[in-house]
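Peer 1: coords please:
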Amino acid sequence: QVQLVESGGGFVQVGGSLRLSCAASGRLFSTYAIAWFRQAPGKEREFVAAISWSGGRTYYADSVKGRFTISRDNAKNTVYLQMNSLKPEDTAVYSCAASTDTAYRGQDMDYWGKGTLVTVSS
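Peer 2: Alright, predicted model coming up:
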């Protein structure tokens, strides 16, 4: 069983930055692929970024490529999402999720956090 807790959300102006954290429990965390998803009001949840178990592979949605960076520190059981050059359309609840697979291939995720709200204001 893995529990995921997101933090770091908040209110930021256009062009600003935030760093989200996803802290996990469970001794197998370092073997799991981790992904960030987001859901804006009235919209479907969408994939944002993912990282393989070792951090050697990362994946990004086209909408955030070049602005967001996903990373992980397995010693701290934590995955990060650095978000730069934020836009109003980035406003959403951001959730992290874990897959027992070592890499992200678009599969359904096995564990989910509750999410943290990011609001980007113009």
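Peer 1: so Ile34 bridges to which residues?
Peer 2: Beta-bridge pairing of Ile34, defined through DSSP bridges, involves Ile51, Ala98.
Peer 1: strands of this protein, residue ranges please.
Peer 2: Per DSSP state E, the chain carries strands over the ranges 4-7, 10-13, 18-24, 33-39, 46-51, 58-60, 68-73, 78-83, 92-99, 111-112, 116-121.
Peer 1: need those in CSV (columns: mean neighbour count, distance to Arg105 and mean pLDDT).
Peer 2: To be clear about C-beta, it is placed using only N, CA and C from the backbone, and glycine gets the same treatment. What follows is the strands of the chain, written out as CSV (neighbours: other C-beta atoms under 10 Å; distance: least, C-beta to C-beta, whole Å; pLDDT from 0 to 100):
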stretch, mean neighbour count, distance to Arg105, mean pLDDT
strand 4-7, 18, 20, 97
strand 10-13, 13, 32, 97
strand 18-24, 20, 19, 97
strand 33-39, 23, 8, 98
strand 46-51, 21, 9, 97
strand 58-60, 17, 9, 97
strand 68-73, 18, 16, 98
strand 78-83, 23, 17, 98
strand 92-99, 23, 9, 97
strand 111-112, 17, 17, 96
strand 116-121, 17, 25, 98
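Peer 1: can you check the pLDDT for Leu86?
Peer 2: According to the prediction, Leu86 has pLDDT 98.
Peer 1: in contact with it, which residues?
Peer 2: Val12, Val14, Gly15, Gly16, Ser17, Leu18, Arg67, Val118, Val120 (C-beta atoms under 8 Å, 6 or more residues apart in numbering).
Peer 1: which two of those residues have the greatest separation?
Peer 2: Using C-beta to C-beta, the two most remote members of the contacts of Leu86 are Gly15 and Val118, lying 14.0 Å apart.
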